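Trainee: Mind folding the following:
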Amino acid sequence: RFRQVTHLGDNVVTAVPSPDGQLYALVTSGEVDGRPAFALYTVQENGDELRRIAQSEQEDDAEDAPAGAPGAGISALRFAKDGRSIYYREGNALWTAPVGSSTGGDSASGGAGSGSSRSGRTETVRHRLDFTLHLEVDLDRERRQIFAEAWRVMRDRFYDKAMHGADWTAARALYEPLLGDVADREELHAVISQMIGELNASHTGISGGGETDPTAVRTRFPGFELVPDPTGFYKVATIYRNGPATRDYAKVKVGDFLLAVDGVPLQAGENYWRLYGSAAGKKLVLTLNSKPTAEGAWTTRIETVGPGGYATLQYEKWVDDHRAQVDKLSNGEIGYLHIRQMNPAALRKFMADFADNHFKKALVIDQRFNPGGGIDQELLMVLGQRQYQYTRGRDSLTVTRPQRGFFGPMVVLQNERSTSDAEVFPAGFRQLKLGKTVGVTTYGAVIGTGAFRLMDGSQIRTPGTGLWDVGGQNLENYGVPPDVEVDNRPEDFFAGRDSQLEKAVEVLRAELAAGR
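Mentor: Numbers count the residues shown, from 1 in each chain. The predicted model follows:
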């Protein structure tokens, strides 16, 4: 009785039937040129006449854009009552398109990505719906409703029926009278957050709702760092690997002087971030010279990145520096990798880094500053493998079986900024006796959470699942202790020293010396 209707190469994330059940509208998610993209299709219930209605590609800087911003996807599919057209939301606009016939125009790709093309799929004509809506809101009643929803959702969805020992009815009675003095959404969220704080639980809170300011300044980043020079100008001190300033056409190198941004002269001590933020578009026009003078200077246009891209460039440099430090401390015998987050992208990166370190004698697995996610089981399954055979060709390398495994000593680095699943992982690593953990006790925030949308569009985080180790220890408000405790003190940071990393290498060298 089950029948596959589509054979698209991308993931189907939403599907709704027409009123008569003879047609489906569906949204796929994939990638176009490395960016997330979504496509809306209609298809007959027997799989015939697949037509693409629309495609929405994520903007280059959408990583920094708020949810619901243009380019953030396609959602809210609704068929007209007669089934002859469909309504949907794309970004902040409403659109409609007929579903009974096509234009016979472009052939559509078989999903948001570019690898699923099939002939015969044609796009329909769509129209944006412009409208004006007048809405009268009683703000006091709305705020009281939001407060009541938040209290009720937490009461019904919180993972501990005993509410961590808090009298939840009394908490409502304590904070609800404050609503009479609330002036805006921010103050309402503050009151609700204080009430939720009575639970003494992580993975909670309320956020969102309202509109973002489209005129807000968004700083752009050119992919290098500046330092003031005694000559009175800024000098390029660091160029980030894989950043926009590494391109040949960028014509930037370490030691160059930055004389102007978009034609505005720049002197050491002046706020160059202001110039980065006021630039029009995504490109900066920079005036540079290898000497602190206007004579012989050149200009270059650099495609900038947003705050999220800038953070990634900084992160990659941090990892490179730590990998080089481990290599130096161990004479190349010990490998290093860092797990940035506990998500599918980080798992793919872990597997690539894991393979790169396959022939190292020992391995440092750093997961400090990791905010969590949900891949601890996958990581531990990989790390928990045991070698049972090996193969070797003539005059070739010895290859272990299983191939994707590591069978030397390992340590996991953790700190007070390792949270959620980045606490579950080292706890499991210790429990399975895969090696030692080094650092300081983790944050102590381990609950499986979700979110519930309230009437004004804000969302309340609602932990629904607790986590205990096999000994019955609740990991929430616990903090996983390390096997070897060592902290990075303020003087270490000022000296550019990572004592935790040094201790991890020391532990592994001792185990190698002991033949483990």
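Trainee: quick one: the helix or strand bottoming out on mean pLDDT in the chain to chain centroid distance?
Mentor: Within the chain, no helix or strand scores below strand 51-57, which has a mean of 81 by mean pLDDT, DSSP states H and E. The chain centroid and the centroid of strand 51-57 are separated by 25 Å, computed with Cα atoms, centre = their mean, to the nearest Å.
Trainee: That one pairs with which strands?
Mentor: Strand 51-57 has the following strand partners under DSSP bridges: strand 35-44 (antiparallel).
Trainee: so where do the helices sit in the stretch 401-516 of the chain?
Mentor: 421-431, 490-494, 499-513 (DSSP state H, counting those that start in this stretch).
Trainee: Could I get the CA-only coordinates of the shortest one as PDB?
Mentor: This means helix 490-494. Output in PDB follows, covering the C-alpha atoms of helix 490-494 (Å, rounded to 0.1, in the frame of the first residue of the first chain):
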ATOM      1  CA  PRO A 490      44.900  34.200  33.400                       C
ATOM      2  CA  GLU A 491      48.700  34.300  33.400                       C
ATOM      3  CA  ASP A 492      48.700  31.400  30.900                       C
ATOM      4  CA  PHE A 493      46.500  33.400  28.500                       C
ATOM      5  CA  PHE A 494      48.700  36.500  28.800                       C
END
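Trainee: Break down the protein into its helices, ranges please.
Mentor: 139-157, 168-175, 185-197, 272-278, 307-329, 344-356, 376-383, 421-431, 490-494, 499-513 (DSSP state H).
Trainee: Quick one: the ones you listed as a markdown table, columns for distance to residue 478 too.
Mentor: The way it works is simple: take the backbone N, C-alpha and C, and place the C-beta from them, glycine included. Compiled in a markdown table, the helices of the chain are given as follows (distance: least, Cβ to Cβ, whole Å):
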| stretch | distance to residue 478 |
| --- | --- |
| helix 139-157 | 21 |
| helix 168-175 | 23 |
| helix 185-197 | 19 |
| helix 272-278 | 41 |
| helix 307-329 | 28 |
| helix 344-356 | 24 |
| helix 376-383 | 15 |
| helix 421-431 | 8 |
| helix 490-494 | 26 |
| helix 499-513 | 21 |
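Trainee: Strands along the stretch 201-350 of the chain, start to end?
Mentor: 205-208, 224-228, 234-239, 257-261, 264-265, 283-289, 298-303, 334-338 (DSSP state E, counting those that start in this stretch).
Trainee: Can you say which of those strands is packed in most?
Mentor: Mean neighbour count (mean count of other Cβ atoms under 10 Å) peaks for strand 334-338 among those, with a mean of 24.
Trainee: Show me what that one packs onto, helices and strands only.
Mentor: Applying 3 or more Cβ pairs under 8 Å, 6 or more residues apart in numbering; DSSP states H and E, one finds that strand 334-338 makes contact with helix 307-329, helix 344-356, strand 362-366, helix 499-513.
Trainee: Out of the ones you listed, which is the most enclosed?
Mentor: Highest mean neighbour count among the helices and strands packed on strand 334-338 (mean count of other Cβ under 10 Å): strand 362-366, with a mean of 27.
Trainee: Wait, residue 226 touches residue 245, no?
Mentor: No: counting by Cβ atoms under 8 Å, residue 226 stays clear of residue 245, with 11.3 Å between them.
Trainee: overlap in contacts of the two?
Mentor: Contact with both residue 226 and residue 245 is made by no residue, according to Cβ atoms under 8 Å, 6 or more residues apart in numbering.
Trainee: For the stretch 401-516 of the chain, give me the ranges with low pLDDT.
Mentor: Along the stretch 401-516 of the chain, segments meeting pLDDT under 70 are nowhere present.
Trainee: go on, the chain?
Mentor: Using pLDDT under 70, the chain drops low at 33-34, 57-72, 100-124, 211-215, 279-280.
Trainee: Report back the residue of it that's furthest from centre.
Mentor: Computed with Cα atoms, centre = their mean, the maximum C-alpha offset from the centroid of the chain is found at residue 394, amounting to 45.3 Å.
Trainee: That one and residue 508: what is the separation?
Mentor: 33 Å (Cβ to Cβ, to the nearest Å).
Trainee: if we can go back for a sec, of the helices of the chain, give the one that comes closest to residue 12.
Mentor: helix 344-356 (17.6 Å; Cβ to Cβ).
Trainee: contact partners of the closest one?
Mentor: 335, 337, 338, 339, 340, 373, 375, 378, 379, 382, 404, 406.
Trainee: Dig out what the third one forms beta bridges with.
Mentor: Spelled out, it's residue 338. residue 366.
Trainee: Looks like it contacts residue 322 (just checking).
Mentor: Yes: the pair residue 338 / residue 322 is scored as a contact, 6.9 Å apart, by Cβ under 8 Å.
Trainee: joint contacts of those two?
Mentor: residue 366.
Trainee: List the contacts of residue 412.
Mentor: Here residue 412 is in contact with 365, 366, 367, 425, 426, 429, 435, 436, 437, 438 (criterion: Cβ under 8 Å, 6+ apart).
Trainee: What residues are bridge-paired with the last one?
Mentor: Translated: residue 438. With DSSP bridges as the rule, residue 438 is bridged to residue 413, residue 484.
Trainee: Distance check, it against residue 148.
Mentor: Applying Cβ to Cβ to residue 438 and residue 148 gives a distance of 47 Å.
Trainee: repeat for the first one
Mentor: Counting by Cβ to Cβ, the separation of residue 365 from residue 148 is 46 Å.
Trainee: And the fifth one, by the same measure?
Mentor: As for residue 426, its distance to residue 148 is 40 Å (criterion: Cβ to Cβ).
Trainee: more crowded one of those two?
Mentor: residue 426 (27 against 15; other Cβ atoms under 10 Å).
Trainee: I'd guessed that one sits against residue 367; true?
Mentor: Yes: Residue 426 is within contact range of residue 367, at 7.2 Å (criterion: Cβ under 8 Å).
Trainee: Give me the common contacts of these two.
Mentor: Any residue near both residue 426 and residue 367 by Cβ under 8 Å, 6+ apart counts here, and that gives 412, 414, 418.
Trainee: Tell me the one of the residues you listed nearest residue 6?
Mentor: residue 418 (41.5 Å).
Trainee: Relative to residue 223, how far out is the closest one?
Mentor: Counting by Cβ to Cβ, the gap from residue 418 to residue 223 is 29 Å.
Trainee: Then residue 158?
Mentor: Per Cβ to Cβ, residue 158 is found 44 Å from residue 223.
Trainee: same question, residue 240
Mentor: Relative to residue 223, and taking Cβ to Cβ, residue 240 is found at 5 Å.
Trainee: Residue 51 too?
Mentor: Taken as Cβ to Cβ, the span from residue 51 to residue 223 is 42 Å.
Trainee: And residue 95, by the same measure?
Mentor: Distance from residue 95 to residue 223, by Cβ to Cβ: 37 Å.
Trainee: ditto for residue 172
Mentor: From residue 172 to residue 223 the distance is 50 Å (Cβ to Cβ).
Trainee: Residue 430 now?
Mentor: From residue 430 over to residue 223 (counting by Cβ to Cβ), the distance is 40 Å.
Trainee: cool, and residue 78?
Mentor: Note on residue 78: its distance to residue 223, by Cβ to Cβ, is 44 Å.
Trainee: Neighbour count for these two, which is higher?
Mentor: residue 223 (23 against 14).
Trainee: hang on, isn't the more buried one packed against residue 313?
Mentor: Yes: Residue 223 is in contact with residue 313 according to Cβ under 8 Å; the separation is 6.2 Å.
Trainee: Spit out the residues that contact these two alike.
Mentor: Shared contacts of residue 223 and residue 313, counting by Cβ under 8 Å, 6+ apart, come down to 240, 243, 305.
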